[in-house]
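K.L.:
Below: sequence and its predicted model.
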Amino acid sequence: MKSYFAKLKMLTIHQIKEYIILSKYYQFRKKKETKRIIVAVFDNRRKAMGLVDRLKGIISLYAFSKIHDITFKCDFNFPFNLDNYLIPHKYNWVFGLNEKSTSQLNTRVLILHGEDGQRLVNYRQRKQTHVYINRDYLDILNKKFNKEYVWGELFNELFKPAPTLEAKLNYFSKEIGAEYIACQLRFMSLLGDFNEYNQKPLPAHLQDDLIDKCANKILELKSKYTHPLLVVSDSVRFVEHMTKFDGIVGFPEKIVHIDCVENVEEDVFLKPFIDFFMLSKATKVFSIVSDGMYESHFPLYAAKLNNVPFERIHIN
């Protein structure tokens, strides 16, 4: 019963915020011949968590559009423009001239952040619908509509790397070689070199202990493989530490959480895309988690991109 009322409260709050966004940012006029389009929206009006959370939402909404034969578009313009890094592949998700509705009468706003997916599954309205979405509803949609959509296949229908990203990926792929395993670690703010929702770092001696513990596990993994091991982390400090060991490769460039930054150079947003695609090209992806660290979906969904094996390792 408590869960039911919690869901009802969330729904009510979202509906109020949907009305506020529609009344504040859309004009009270009817635009002629508005197409029936469903749009994944990421702008400065709503926080949407991390990159993979946003990609989850995009893929879910694209699957919904395929099920109902609706035109799909993606309006990702904050804190960067998505097409600076990913461009259309087999499907054009970029708005054409005058396609986007700015009319209150022709547009519906949906905020699905944190919801269980039922409003999406049941949605039938014919207005152009602008959706704030950051969850993976693919399993729910497949089950409801008897489909077998695969996350990585849908991603590759929508996206390919933009030229700047493609050039970086080619460079790093040559550096590491054709076959490698990969390991991802999310320290958040624990090591003091990554800002995430104003979390506090560990005391210095505990930082050192955590680095040693994670490093030992990675070296243990490396001893089982002849291929190089790529380390991906939100901590530049940890990546720099690991690349001192033979057979360990990393690209220690600054990385940011895209929901926790303001006024940074566009180049800094390139790193999460590099990490994501480099993980996806590995022969196997590991995620290492210890106390206080975040059990990230980033490596899981990178592995899903090319259907490579994934394993989560918890260490004490």
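P.N.:
In hand now; what should we look at? Residues are numbered from 1 along each chain as shown.

K.L.:
Work out for me the element Pro272 sits within.
P.N.:
helix 270-280 (DSSP states H and E).

K.L.:
Could you list every helix and strand in contact with the helix or strand following that helix?
P.N.:
Per DSSP H and E, the first helix or strand lying C-terminal to helix 270-280 is strand 285-289. Counting by 3 or more CB pairs under 8 Å, 6 or more residues apart in numbering; DSSP states H and E, the packing neighbours recorded for strand 285-289 are strand 181-185, helix 204-222, helix 298-306, strand 310-314. For the C-beta atoms, the positions are set from N, CA and C on the backbone; glycine is no exception.

K.L.:
From Ala303, how far out is Lys284?
P.N.:
From Lys284 across to Ala303, the span is 8 Å (CB to CB, to the nearest Å).

K.L.:
coming back round to it: highest mean neighbour count across the helices and strands packed on strand 285-289, which stretch is it?
P.N.:
strand 181-185 (a mean of 26; mean count of other CB atoms under 10 Å).

K.L.:
Centre-most residue in the chain?
P.N.:
Geometric centre of the chain, nearest residue: Val52, 1.2 Å, by CA atoms, centre = their mean.

K.L.:
residues touching that one, list them.
P.N.:
Residues in contact with Val52 (CB atoms under 8 Å, 6 or more residues apart in numbering) are Phe276, Ser296, His297, Phe298, Tyr301.

K.L.:
quick one: the fourth one and Arg186 touch, right?
P.N.:
Read it as Phe298. Yes - judged on CB atoms under 8 Å, Phe298 makes contact with Arg186 at a distance of 7.1 Å.

K.L.:
still on that earlier bit, what touches both of Lys284 and Ala303?
P.N.:
Shared contacts of Lys284 and Ala303, defined by CB under 8 Å, 6+ apart, comprise Pro309, Phe310.

K.L.:
TSV please, covering the helices and strands packed on strand 285-289 and showing mean pLDDT.
P.N.:
Below are those laid out as TSV (pLDDT from 0 to 100):
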stretch	mean pLDDT
strand 181-185	97
helix 204-222	96
helix 298-306	97
strand 310-314	97
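
K.L.:
which stretch among those comes nearest Gln104?
P.N.:
Distance to Gln104, taken as CB to CB, is lowest for helix 298-306 among the helices and strands packed on strand 285-289, at 35.2 Å.

K.L.:
Just give me how far the closest one sits from the chain centre.
P.N.:
On the basis of CA atoms, centre = their mean, to the nearest Å, helix 298-306 sits 10 Å off its chain's mean C-alpha point.

K.L.:
The closest residue to Gln207 other than its chain neighbours: what's it in contact with?
P.N.:
Once flanking residues are discounted, Gln207 sits nearest to Leu191: 5.3 Å by CB to CB, 6 or more residues apart in numbering. Contact partners of Leu191, counting by CB under 8 Å, 6+ apart, are Pro201, Leu202, Gln207, Leu210, Ile211, Ser235, Arg237, Phe238.

K.L.:
Kindly reformat the residues you listed as CSV containing distance to Leu270.
P.N.:
Formatted as CSV, the contacts of Leu191 follow (distance: CB to CB, whole Å):
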residue, distance to Leu270
Pro201, 25
Leu202, 28
Gln207, 27
Leu210, 27
Ile211, 26
Ser235, 18
Arg237, 20
Phe238, 20
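
K.L.:
ok, of those residues, which one's closest to Ile315?
P.N.:
Among the contacts of Leu191, and counting by CB to CB, the member closest to Ile315 is Leu210, at 9.9 Å.

K.L.:
burial of the residue lying closest to His113 once chain neighbours are set aside, as a residue count?
P.N.:
Excluding its sequence neighbours, the residue lying closest to His113 (CB to CB, 6+ apart) is Asn134, at 5.6 Å. As a burial measure, Asn134 scores 24 neighbours (other CB atoms under 10 Å).

K.L.:
try Ile20
P.N.:
Ile20 is flanked by 12 other residues according to other CB under 10 Å.

K.L.:
What are the contacting residues of the helix holding Pro272?
P.N.:
51-52, 85-86, 161, 164-165, 168-169, 172-173, 176, 182, 184, 230, 232, 251, 253-256, 258, 285, 298-299, 301-303, 305-306, 308.

K.L.:
what about 7 Å?
P.N.:
The contact list for helix 270-280 (CB atoms under 7 Å, 6 or more residues apart in numbering) reads 51, 85, 161, 165, 168-169, 172, 182, 184, 230, 232, 251, 253-255, 285, 298-299, 302-303, 305-306.

K.L.:
what do you get for stretch 122-140?
P.N.:
Residues contacting stretch 122-140 (CB under 7 Å, 6+ apart): 34-41, 46, 48-49, 53-54, 56-57, 59-61, 63, 101, 106-113, 117, 120-121, 149, 151.
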